[in-house]
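Peer 1: Quick check, what structure comes out for this input:
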Amino acid sequence: MSPTESALPDDGALLAVRGLRKAFGQQEVLKSIDLTVRRGEVVTLIGPSGSGKTTVLRSLNGLEIPDAGVVEFAGGLSVDFSAPVSKKQLAAVRDRSAMVFQHYNLFPHKTTLENVIEGPVQVQKKPKAQAVQEARELLARVGLADKENSYPFELSGGQQQRVGIVRALALRPQLLLFDEPTSALDPELVGDVLTVIKELADEGWTMVVVTHELAFAREVADEVIFMEGGVVVERGHPDTVLRDPREERTRQFVNRLLNPF
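Peer 2: This next block holds a predicted model:
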């Protein structure tokens, strides 16, 4: 792709990914992935373990450096990973997105409030008083106003994950990335976290969500992408991909999750 050629279609797209590739040693994890996410859209990635879903998210957040491919955000940021990438370029990618991790990744020695303000204060250089005020507003929004002085070990898994979501929101990113946000939770705690994510979708946040919760994907997603073996097998509206998939492999996967026994 030439420096003047844009991967972004002129239809309100926030993010365009073209030809994303990544290998770990001899194992090719991503094999030329294409992805477009429009502003306010929720895209869900589904597929078996090892299909490359998390690697896609980590590449969009600059936590993984792809071997090739272009990642472009609206506003003029375009990074071609087939050439050497600078720290400044990676920082610009991270500035535009925020990740909610599967296993929370909270600092165990910091309180809830300290976890939430860490990024805004240390990375974005926001005044601490402002960061604290905004963090408290966000914590109240997810029902954790009374937990600002609690440490992670004092919180349930669902509460920790809601702190993780607030920590991401506090960065005011253009794009929210969720990596299996409920897979580490007890079943009875899943609903609280999914409710928060659904509310964010209703408010117009742009999100890419890796999930195995197909009912949730059907309810909130604008597009569902089924991946396997580092490639996109099928993509489309959730009513198509999750109810009447075109590809037999997609059908097998969906049926297995919906009918595990």
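Peer 1: Going by C-alpha atoms from here, please, whenever you check contacts or count neighbours.
Peer 2: OK.
Peer 1: where does the most centrally placed residue in the chain fall, phi/psi-wise?
Peer 2: In the chain, the centroid-proximal residue (CA atoms, centre = their mean) is residue 177; its distance is 1.4 Å. Main-chain dihedrals, residue 177, degrees, to the nearest 10: phi -120, psi 130.
Peer 1: so which strand or helix has the residue nearest to it when sequence neighbours are not counted?
Peer 2: Nearest residue to residue 177 in three dimensions, chain neighbours excluded: residue 99, at 4.7 Å (CA to CA, 6 or more residues apart in numbering). Using DSSP states H and E, residue 99 maps to strand 97-100.
Peer 1: now the next helix or strand after that strand: mean pLDDT?
Peer 2: Downstream of strand 97-100, the next assigned helix or strand under DSSP H and E is helix 112-118. Average pLDDT, helix 112-118: 97.
Peer 1: for stretch 236-253, same thing?
Peer 2: 95.
Peer 1: May I see the buried residues of that stretch?
Peer 2: The neighbour-count criterion (16 or more other CA atoms under 10 Å) identifies 236, 237, 238, 241, 242, 245, 250, 253 as the buried residues of stretch 236-253.
Peer 1: ok, residue 45 - contacts?
Peer 2: Residues counted as contacts of residue 45 (CA atoms under 8 Å, 6 or more residues apart in numbering) are 53, 208, 209, 210, 211, 224, 225, 226, 227.
Peer 1: Most neighbours of all those, which one?
Peer 2: In terms of neighbours by other CA atoms under 10 Å, those top out with residue 53 at 29 neighbours.
Peer 1: list the contacts for that residue?
Peer 2: Neighbour list for residue 53: 45, 46, 47, 210, 227, 230 [criterion: CA under 8 Å, 6+ apart].
Peer 1: Could you dump these into a markdown table with pLDDT, secondary structure and distance to residue 186 added?
Peer 2: Shown next, in a markdown table, are the contacts of residue 53 (pLDDT from 0 to 100; DSSP: H, G, I helix; E, B strand; the rest coil; distance: CA to CA, whole Å):
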| residue | pLDDT | secondary structure | distance to residue 186 |
| --- | --- | --- | --- |
| 45 | 97 | strand | 22 |
| 46 | 97 | strand | 20 |
| 47 | 96 | coil | 21 |
| 210 | 96 | strand | 18 |
| 227 | 97 | strand | 26 |
| 230 | 96 | coil | 29 |
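Peer 1: among the residues you listed, which two are most distant?
Peer 2: Pairwise distances across those peak at 14.2 Å for 210 and 230 (criterion: CA to CA).
Peer 1: residues in contact with the strand holding residue 99?
Peer 2: With contacts defined as CA under 8 Å, 6+ apart, strand 97-100 is touched by 60-61, 161, 164-165, 168-169, 171, 173-179, 181.
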